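Visitor: Got a predicted structure plus its sequence, pasted below:
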There are 2 protein chains.
Amino acid sequence: MLRIYEKTPPVPPEEFVRVEWVSLKEYVADVLSSLKVPREHAEIVADVLVTADLMGIESHGVQRLRRYTVGIQVGSVNPKTEVNIVKETASTALVDGGSGLGQVIAYNAMKIAIEKAGKTGVSAVGVRNSHHFGIAGYYALQAVKRNMIGIVMTNSEALVSYTHTVGRNMGTNPIAVGFPTKNPPPVLFDAATSVVPIGKIEVYAKEGKKIPPGWALSPEGKIEEDPKEVLARKGSVLPLGGLGEDFGGHKGAGLALVVDVLCGVLTGANYGIFVKHTTDKERANVGHFMMVIDVDKISSLDFFLEKIEKYKEYIKSLRRISENAEVWIPGEKAWLTMETRKRIGIPVHKNILKEIKDEGEKLGVEFKVKILKETA
Amino acid sequence: MLRIYEKTPPVPPEEFVRVEWVSLKEYVADVLSSLKVPREHAEIVADVLVTADLMGIESHGVQRLRRYTVGIQVGSVNPKTEVNIVKETASTALVDGGSGLGQVIAYNAMKIAIEKAGKTGVSAVGVRNSHHFGIAGYYALQAVKRNMIGIVMTNSEALVSYTHTVGRNMGTNPIAVGFPTKNPPPVLFDAATSVVPIGKIEVYAKEGKKIPPGWALSPEGKIEEDPKEVLARKGSVLPLGGLGEDFGGHKGAGLALVVDVLCGVLTGANYGIFVKHTTDKERANVGHFMMVIDVDKISSLDFFLEKIEKYKEYIKSLRRISENAEVWIPGEKAWLTMETRKRIGIPVHKNILKEIKDEGEKLGVEFKVKILKETA
């Protein structure tokens, strides 16, 4: 029995419509195809975007479609992505994405990583000259489907203030780690190294609510509680652990730095403020870093799959902090949301739906997204 | 010109003495040797412990010596550590530590990881049946000395409450990542995935100060501000990001879980509450997980060493949040403290010095620690 659950329930429901996910994915692929993106590549990008919506990570879903179409139109994104291996060993590769679509580059880099790990047990692939690739967890799950552990990182345009500094000088630099399991859901950790993603601050701004003190700074370095001010005045997000060092802010900032060194410094990509936005005219030169571990080469696959189920049970059985609290395995909320939305449809905000419809119209693409319900 | 700096200044100075670090290390090795630990192994353990003191991580320094001597005496720690490879591929190994000394096991596991990465470019080594190994960063630096990137994790006895739960059910499960640099200091991230280590709460208790709300929980799941209560009633430490999910507590807890799965589930070691303390009669069966990346196999070493210096400069040049704020590279404070203490000596609390002196006396070991100054 599927539990109907949405990590991010659409509020208020009347501002949303429910759309059928496969038709949404097809439409997104059609839009990209119209911009000379090869069909196979368009389908990868569409799958990454719609998977984010399915998982309740709307900030990285189809609302980002324009980021990529504009990126192609201004010329920073090469629609015909070519992934070239610059250097390789039995277990490693350095990949150049030629400023193509980040999703296509990351998807192919992960394929290389999986193949190498299948041979030697573990692999590491660095990627340079890429673009924003959407949700990191998507690529970790590629490895998980092959019963491997996938570790995926990317740097991103600067939005965070490094500890004891002000201004936007560090990316939100997410880390995803996925583990195969015997029974669904797989364990999937996928988190920005900032306290919140900027998308969450955008949601609060839209809803006219204050943000908790400890999420963001003003450009002057004061705690900012007005989300509109953060966005309008280019305030910054704090690292995981918050301001200063008292609650471990230096740990969140340190993790962001580790990701930046692996993705930006090691690969020859950009780092810090030099990472550009997809829609900037300059090449973004985003860097990614991936590692894959073949479970069966270190442990035995059967042993691991049994034991991780026991581990999931252990976590789920821990004593709850209050009666109505729920204990979650990383990735569980996203998985339940995905299963729910595959069945009842994805809630898309009416403004977003109009935006992607208009985008298609401009490009002469027929709007064939199937609306399941005129409200969420 | 060396800058005299101590990450953790000895306060109040009159409660401390300054001791010469090499003689301290020798003495610690002598104590362990007297318990039938082979000399070479005793020197590894002593080096790990004294390096922690040099770096200003006193919680993991010689004050922990008794943890290991008691562990040997109660029989949970095998003094004659044998490290056996259970399974291996070109790039991976699963190592069984035979319940020996964690430091010796981790040191040898890292040697295996370095050798494999030198051949294939990257390696992953899982370790089971180990004990508490001290500071994770020590082993990451083994790789750094070979111009490789070292990633080291361990699980540990449960002290943390997983998100939305109460009680001690998850280790502080640290992660260390070390990068080589052209000029010292190397970049060394080394942090528990909890908001603070338990040692910090012990320091506050000793000083009779309240702890900030957000560090610890009572066994009933209330925010606890009295450090003595946390220790006496077995309260728990919160994950990095704090209570609940508002400030990313689920990210800290998720990272701790990732470490537990890699170290405990994958390797066949214990996890969660099943990880025992070194001094428990039962085998601790702590698990570690290490990865090494050979920089020169992915990038070129020269390119990387130049670029990471630029990156360090970038971080150091960021706009500070206030006039007297200082911006730190991960590992920089520890490195400055180490250089300082190699010169002026390690401040050891008089009670700790007495404790390790008494321990040696009981074992018939001559106390030859050189006291440089009767106060810090």
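Guide: Done, it's in. Numbering: from 1, shown residues only, chains lettered A, B, ... in the order given.

Visitor: Show the contacting residues for A:Val22.
Guide: Shown in contact with A:Val22 (Cβ atoms under 8 Å, 6 or more residues apart in numbering or on different chains): no residues. Glycine gets a C-beta too; all of them are placed from N, C-alpha and C.

Visitor: from what I can see, it looks like it's in a helix, true?
Guide: Yes - for A:Val22, which was evaluated using DSSP: H, G, I helix; E, B strand; the rest coil, the result is membership in a helix.

Visitor: any idea how far it lies from A:Gly345?
Guide: As judged by Cβ to Cβ, to the nearest Å, A:Val22 and A:Gly345 stand 10 Å apart.

Visitor: now A:Arg168
Guide: As defined by Cβ to Cβ, A:Arg168 lies at a distance of 36 Å from A:Gly345.

Visitor: swap in A:Thr279?
Guide: When Cβ to Cβ is applied, the distance between A:Thr279 and A:Gly345 equals 29 Å.

Visitor: A:Arg320 too?
Guide: Plainly put, A:Arg320 is 32 Å away from A:Gly345 if you go by Cβ to Cβ.

Visitor: what about those two, which has more around it?
Guide: Neighbour totals were compared for A:Arg320 and A:Gly345, and A:Gly345 leads with 21 against 14 (other Cβ atoms under 10 Å in any protein chain shown).

Visitor: name the helices or strands packed onto the one helix or strand in chain A whose mean pLDDT sits lowest?
Guide: The helix or strand with the lowest mean pLDDT-type score in chain A, counting by mean pLDDT, DSSP states H and E, is helix A:198-207 (a mean of 87). In terms of contacts (3 or more Cβ pairs under 8 Å, 6 or more residues apart in numbering or on different chains; DSSP states H and E), helix A:198-207 is packed against helix A:227-232.

Visitor: mean confidence for the helix or strand that the helix it packs on is followed by?
Guide: Beyond helix A:227-232 on the C-terminal side, the first helix or strand identified by DSSP states H and E is strand A:236-237. Averaged over strand A:236-237, pLDDT sits at 98.

Visitor: Which strands or helices does strand A:236-237 pack on?
Guide: strand A:216-217.

Visitor: so what secondary structure elements neighbour the strand it packs on?
Guide: Contact here means 3+ Cβ pairs under 8 Å, 6+ apart; on that basis strand A:216-217 packs against strand A:236-237.

Visitor: what residues does the strand it packs on touch?
Guide: Applying Cβ under 8 Å, 6+ apart, the contact partners of strand A:236-237 are A:159-161, A:166-169, A:172, A:194-198, A:201, A:215-217, A:219, A:230.

Visitor: what element comes up after it heading to the C-terminus?
Guide: Using DSSP H and E, the next helix or strand after strand A:236-237 towards the C-terminus is helix A:249-260.

Visitor: now that next one: mean pLDDT?
Guide: Per-residue pLDDT values across helix A:249-260 average out to 98.

Visitor: After it, which helix or strand is next?
Guide: Once the chain leaves helix A:249-260, the following helix or strand, as judged by DSSP H and E, is strand A:286-294.

Visitor: And A:His233, how far from A:Tyr162?
Guide: Quick fix: residue A:233 reads Arg, not His. When A:Arg233 is compared with A:Tyr162 (using Cβ to Cβ), they lie 19 Å apart.

Visitor: Show me which positions of stretch A:366-376 end up buried.
Guide: Residues of stretch A:366-376 classed as buried under the neighbour-count rule (16 or more other Cβ atoms under 10 Å in any protein chain shown) are A:Val369, A:Leu372, A:Ala376.

Visitor: looking at it, the second one is touching A:Ile344, isn't it?
Guide: Think A:Leu372. Yes - taking Cβ atoms under 8 Å as the definition, A:Leu372 is a contact partner of A:Ile344 at 7.4 Å.

Visitor: Need the residues touching each of the two.
Guide: Counting by Cβ under 8 Å, 6+ apart, the contacts common to A:Leu372 and A:Ile344 are A:Arg18.

Visitor: Which of the contacts of strand A:236-237 are buried? Put it as a ChimeraX command.
Guide: Command for ChimeraX, covering only those of these found buried under the criterion 16+ other Cβ under 10 Å:
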select /A:159,160,161,166,167,168,169,172,194,195,196,197,198,201,215,216,217,219,230
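
Visitor: mind listing what the closest residue to chain B within the stretch 101-250 of chain A touches?
Guide: Proximity of the stretch 101-250 of chain A to chain B (Cβ to the nearest Cβ) peaks at A:Gly121, 3.5 Å away. Taking Cβ under 8 Å, 6+ apart as the criterion, A:Gly121 is in contact with A:Ser91, A:Ile293, A:Asp294, A:Lys297, A:Ile298, B:Thr89, B:Ala90, B:Ser91, B:Thr92, B:Ala124.

Visitor: Give me the buried subset of the residues you listed.
Guide: Among the contacts of A:Gly121, those classed as buried by neighbour count (16+ other Cβ under 10 Å) are A:Ser91, A:Ile293, A:Asp294, A:Lys297, A:Ile298, B:Thr89, B:Ser91, B:Thr92, B:Ala124.

Visitor: Relative to A:Gly287, which of the contacts of A:Gly121 is nearest.
Guide: When the contacts of A:Gly121 are compared for distance to A:Gly287, the smallest value, 19.1 Å, is given by A:Ser91; criterion: Cβ to Cβ.
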